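Give me a model of this one.
(chains A and B)
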There are 2 protein chains.
Amino acid sequence: MKKVVIIGGGFGGLSAAKVLAKHEFDITIIDKTNHHVFQPLLYQVATTALSPADIASPIRSIFSDYKNVEVFLGEVKSIDREQRKVFFNDSEIDFDYLIIATGSRHSYYGKDHWEKYAPGLKTLDDALKIREKILLSLEAAEKEKVSDNRQKHLNFVIIGGGPTGVELAGAISEIVNKNILPDFRNIDASMTKVYLIEALPGILSAYPDKLSKHALEDLKKLGVIIILNEKVTEVNENGVQVGNEFIQTENILWAAGNQASSLISAVGIETDKSGRAIVNDDMCTKTDENIFVIGDAAALKNEKGEYLPAIAPVAMQEGKYVAKIIVKGIDKNSRKKFKYNDKGMMATIGKAKAVGVIKGFKLSGLLAWLVWSFVHILYLIGFRNRLRVMIEWIWYYITNRPGIRLIVKYSGDKINKPLS
Amino acid sequence: MKKVVIIGGGFGGLSAAKVLAKHEFDITIIDKTNHHVFQPLLYQVATTALSPADIASPIRSIFSDYKNVEVFLGEVKSIDREQRKVFFNDSEIDFDYLIIATGSRHSYYGKDHWEKYAPGLKTLDDALKIREKILLSLEAAEKEKVSDNRQKHLNFVIIGGGPTGVELAGAISEIVNKNILPDFRNIDASMTKVYLIEALPGILSAYPDKLSKHALEDLKKLGVIIILNEKVTEVNENGVQVGNEFIQTENILWAAGNQASSLISAVGIETDKSGRAIVNDDMCTKTDENIFVIGDAAALKNEKGEYLPAIAPVAMQEGKYVAKIIVKGIDKNSRKKFKYNDKGMMATIGKAKAVGVIKGFKLSGLLAWLVWSFVHILYLIGFRNRLRVMIEWIWYYITNRPGIRLIVKYSGDKINKPLS
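Predicted coordinates for the structure are as follows:
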């Protein structure tokens, strides 16, 4: 049987594996974690609304019934293209076909030392760190007797006005002010400030103007302070410099820019300036027709000459497309080029507030939020997770009490130490 | 209003606070974590059956409706008994009454360096570390090509045959062999070995003989290897020395012995050799009638001259008892002595297998397990957690698939590094 190795169990890798598993192939999936995570809902883990297990599934349990699928926990550091071998954590494995679906991390545009103070949100570990950071900050504010010192615990700064930044700003404002603060005795909602900073003139710049403005109004109603047309010039342990203003805060979240995983350039694949593989229009690399790169790790343009966005539907469609090429054994010259079927995009701002474009129709408010909820539950992996998320959302909708407000890692002596 | 400070939000502290909150007192709860954890189900978090949030509640949300209750995250390091002040993380607070309910950690009987290799199970952080350890070990075994090297990843050693040890041994055997291993391709149930080591001649020594033997048989049916009458003489990174045998393993769990939190002796309260406060029969300290110690942190004997066990019902009854003394302002000479109302004890071994003594009636098998399940759901804090745990258990009972198999902290490069 031909051997297919898939690096990465995100949306792209998983979609490819699901198609291939039904055919006569030896399939190996290698991932840095043991689980697939539903990234569009990560911000809800970071903001105490969902548990990690609600939005993640062990990759090997997804393929439990497919005995031709093998899953390894490990990080691929190099690939031998001549010998057709992949190397990870003291192990090696042969392949006939290779699918690289290693995703992306946030880009700090050369200021990588900012990451320490302004974490991004790509993994469950990221989400839990952010959750603990937010909760610890509120605990510190409750204990602080000098009000001048208190404010930096109650300022929240989100950098980047794309969907992730908007969802984080909305969720933090709503959950902190309406749901968490009533349990505190020394601080109240009038003291918190949530800032959303965007260098462009508007938020959600990929959306139609009308919806961007709608989202902006919704965020303002939630009390979010929006700073547009300004660049962040400094991030440190005390706060954020944006334009002429220095915002004192210990809560900085990074939601700006993507950068492909470093594996792509490390194995000598040609990349663009974001580190993404420059692929042919059949998703294979320039030098090898049986090595494919998909999802956030690949740079591919549509007919209009625009890069396809780094979102789940693109990765999933690319995964299925590549799997079909492999199943049918189509050679380089006979492959039809990949075409992205854009079904739309959505972002949620808060309870009963969202914006979206579905098949060209613009939606906002409660209707958009209901469609958003339905679509996200539908695409979650596994009936169990769908059920759990639905119960959590209904519970939250009725009671306004988010459930997962745990600080697990930091206790006792470690409380005042910086997060690492 | 009189000020009551409660150190510790476990079963004892919480029970006291719930009584006091309904009366005219200023109440402050200080805890090292931000949550109350339902310790009897911690082993289910460690063995992938439940999520942390299923068995924990933020302490401040439990007292949301009581404006006279204030909650601080912090670790108390000293107490000034003359000035009636408690000091924690750069803060101080006055008290009229003080309730110390700081619980216990595991005792390594002077071999504290064993803790690194053989963690105990007292907090959510402990449970998550053990969960990751077990799952990482199975991942390492799946990847290992040399079968001699593989066995140490598949040996699990539990030290201590009390309720926690029995529950861990049963759960690990059942979940690993029946539920997790079917998802692996290179290892199977015949390769795993679960050892339970007890220095006494039998397990569950506090239980009637008949039930101890029943539990022993149940564990053997699950494939657990039970070593009795043998002491552990060495624990290190390669395994465990017990009697003449050295068991190679990277999975060692400590479920032997308790030791009261170090605060008790640090503040000069007279202690027994386990570090527990020697209290009067009204739970106050020998030197101060308004400073009480309750729960695992206190050493108190019943009429038969036996120490009360370190279990939730004892702590809860002591908490309520002390709170009533404070509410009524009863002085030293008029206090009736504390009397523990022993309703029984239970331990679960696996699906549909448990043993218990309830009001003198001995129970085992399915019936004991149903009673165990009912009692544990009943005593969980909050309707939400009751609902969640019930759904998880019913789901697991029907599908045999535990849900929470996530390795969050260790990914990529960090996989092969020791847990810290």
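
what about the strands in the stretch 251-400 of chain A?
A:251-254, A:258-260, A:277-278, A:291-293, A:298-299, A:344-350, A:353-358, A:361-364 (DSSP state E, counting those that start in this stretch).

count of residues packed around the closest residue to A:E318 other than its chain neighbours?
For A:E318, ignoring the flanking residues on the chain, the nearest one in space by C-beta to C-beta, 6 or more residues apart in numbering or on different chains is A:I294 at 3.9 Å. In short, each C-beta sits where N, CA and C put it, glycine included. Neighbour count of A:I294, defined by other C-beta atoms under 10 Å in any protein chain shown: 34.

ok, now A:G319?
Neighbours around A:G319, by other C-beta under 10 Å: 29.

For it, which residues are in contact?
A:F11, A:G12, A:G13, A:L14, A:S15, A:A16, A:A17, A:V19, A:I99, A:A101, A:I294, A:G295 (C-beta atoms under 8 Å, 6 or more residues apart in numbering or on different chains).

If you rank those by neighbours, which is first?
The contacts of A:G319, ranked by neighbours (other C-beta under 10 Å): first place A:I294, 34 neighbours.

Hmm, A:K353 and A:A347 touching each other?
No: using C-beta atoms under 8 Å, A:A347 makes no contact with A:K353, being 9.9 Å away.

how much space between A:T33 and A:L73?
Look at A:T33 and A:L73: by C-beta to C-beta, to the nearest Å, they are 7 Å apart.

My error: substitute A:M345 in the last question.
32 Å.

For the two, indicate the residue with more neighbours.
Shown here are A:M345 and A:L73; by other C-beta under 10 Å, A:L73 has more neighbours (27 against 17).

What are the contacting residues of the helix or strand of chain A with the lowest mean pLDDT?
Across the helices and strands of chain A, mean pLDDT, DSSP states H and E gives its lowest value to helix A:383-399, namely a mean of 81. Residues outside helix A:383-399 that contact it (C-beta under 8 Å, 6+ apart): A:38, A:41, A:49-51, A:53-57, A:351, A:373, A:376-378, A:380, A:401-403, B:384, B:387-388, B:391, B:395, B:401, B:403.

Next, the angle from it to helix B:383-399.
160 degrees (axes from the mean of the first three to the mean of the last three C-alpha atoms, to 10 degrees).

residues contacting the residue of the stretch 201-350 of chain A found nearest chain B?
As assessed by C-beta to the nearest C-beta, chain B sits closest to A:S261 within the stretch 201-350 of chain A, at 10.2 Å. By C-beta under 8 Å, 6+ apart, the contact list for A:S261 reads A:T102, A:G103, A:S104, A:R105, A:G275, A:A297.

Equivalent analysis for A:I278, please.
A:I269, A:E270, A:T271, A:D272, A:K286, A:A299.

Contacts only, for the last one.
Going by C-beta under 8 Å, 6+ apart, A:A299 touches A:T271, A:D272, A:S274, A:R276, A:A277, A:I278, A:V279, A:Y307.

So is the lengthiest helix in chain A next to chain B?
Longest helix of chain A, by residue count under DSSP state H: helix A:124-143. Yes: Helix A:124-143 reaches chain B (C-beta under 8 Å from any C-beta of the partner chain) through A:L124, A:D125, A:L128, A:L135, A:L136, A:E139, A:E142, A:K143.

same question, stretch A:46-57
Yes: using C-beta under 8 Å from any C-beta, we find that stretch A:46-57 touches chain B at A:S51, A:P52, A:A53, A:D54, A:A56.

how near is A:I6 to A:L300?
A:I6 is 18 Å from A:L300, by C-beta to C-beta.

Neighbour count: the two, which is higher?
A:I6 (30 against 21).

How many neighbouring residues does the one residue in the stretch 151-300 of chain A that gets nearest to chain B have?
Among the residues of the stretch 151-300 of chain A, A:D183 lies closest to chain B, at 4.3 Å counting by C-beta to the nearest C-beta. A:D183 has 20 neighbouring residues, counting by other C-beta under 10 Å.

In stretch A:60-72, which residues have enough neighbours to count as buried?
A:R60, A:S61, A:I62, A:F63, A:N68, A:V69, A:E70, A:V71, A:F72 (16 or more other C-beta atoms under 10 Å in any protein chain shown).

For the last one, which three-state class applies?
I take that to be A:F72. At A:F72, secondary structure determined by DSSP: H, G, I helix; E, B strand; the rest coil is strand.

tell me which residues form a beta bridge with A:T28?
For A:T28, the beta-bridge partners are A:V5, A:E70 (DSSP bridges).

give the contact list for it.
A:T28 neighbours (C-beta under 8 Å, 6+ apart): A:K3, A:V4, A:V5, A:I6, A:V69, A:E70, A:V71, A:F72, A:I93, A:F95.

which one is the second one nearest to, not counting chain neighbours?
Spelled out, it's A:V4. A:V4 sits nearest to A:Y97 (C-beta to C-beta, 6+ apart), 4.6 Å away.

hang on, isn't that neighbour packed against A:I7?
No: A:Y97 lies out of contact with A:I7 (C-beta under 8 Å); the separation is 11.8 Å.

how about the strands of the stretch 251-400 of chain A, which one is nearest B:A323?
Within these, the stretch nearest B:A323 is strand A:251-254; the backing value is 37.2 Å (C-beta to C-beta).

Show the average pLDDT along that closest one.
Average pLDDT, strand A:251-254: 96.

Now tell me what touches that strand from outside.
Contacts for strand A:251-254 (C-beta under 8 Å, 6+ apart): A:106, A:108, A:114-115, A:117-121, A:130, A:133-134, A:137, A:153, A:155-160, A:165, A:168, A:235, A:239-240.

Is it possible to mark the buried ones in those residues?
The buried subset of the contacts of strand A:251-254 - by 16+ other C-beta under 10 Å - is A:106, A:108, A:114, A:117-121, A:130, A:133-134, A:137, A:153, A:155-160, A:165, A:168, A:235, A:239-240.

show me the contacts for A:L219.
Contacts of A:L219 by C-beta under 8 Å, 6+ apart are A:V166, A:A169, A:G170, A:S173, A:L196, A:I203, A:I226, A:I349.

Pull the most distant pair out of those.
Pairwise across the contacts of A:L219, and taking C-beta to C-beta, the largest span is found between A:S173 and A:I203, at 14.0 Å.

Low-confidence stretches in chain A?
A:402-403, A:410-420 (pLDDT under 70).

at 50 instead, please
Residue ranges of chain A with pLDDT under 50: A:418-420.

May I see the buried residues of the least confident helix or strand of chain A?
A:R384, A:N385, A:R386, A:R388, A:V389, A:E392, A:W393, A:W395, A:Y396.

circling back to that earlier point, could you dump the contacts of A:G319 to JSON lines with distance to A:A256 and secondary structure?
Listed next are the contacts of A:G319 as JSON lines, based on distance: C-beta to C-beta, whole Å; DSSP: H, G, I helix; E, B strand; the rest coil:
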{"residue": "A:F11", "distance to A:A256": "21", "secondary structure": "helix"}
{"residue": "A:G12", "distance to A:A256": "22", "secondary structure": "helix"}
{"residue": "A:G13", "distance to A:A256": "25", "secondary structure": "helix"}
{"residue": "A:L14", "distance to A:A256": "27", "secondary structure": "helix"}
{"residue": "A:S15", "distance to A:A256": "27", "secondary structure": "helix"}
{"residue": "A:A16", "distance to A:A256": "29", "secondary structure": "helix"}
{"residue": "A:A17", "distance to A:A256": "31", "secondary structure": "helix"}
{"residue": "A:V19", "distance to A:A256": "34", "secondary structure": "helix"}
{"residue": "A:I99", "distance to A:A256": "28", "secondary structure": "strand"}
{"residue": "A:A101", "distance to A:A256": "23", "secondary structure": "coil"}
{"residue": "A:I294", "distance to A:A256": "24", "secondary structure": "coil"}
{"residue": "A:G295", "distance to A:A256": "20", "secondary structure": "helix"}
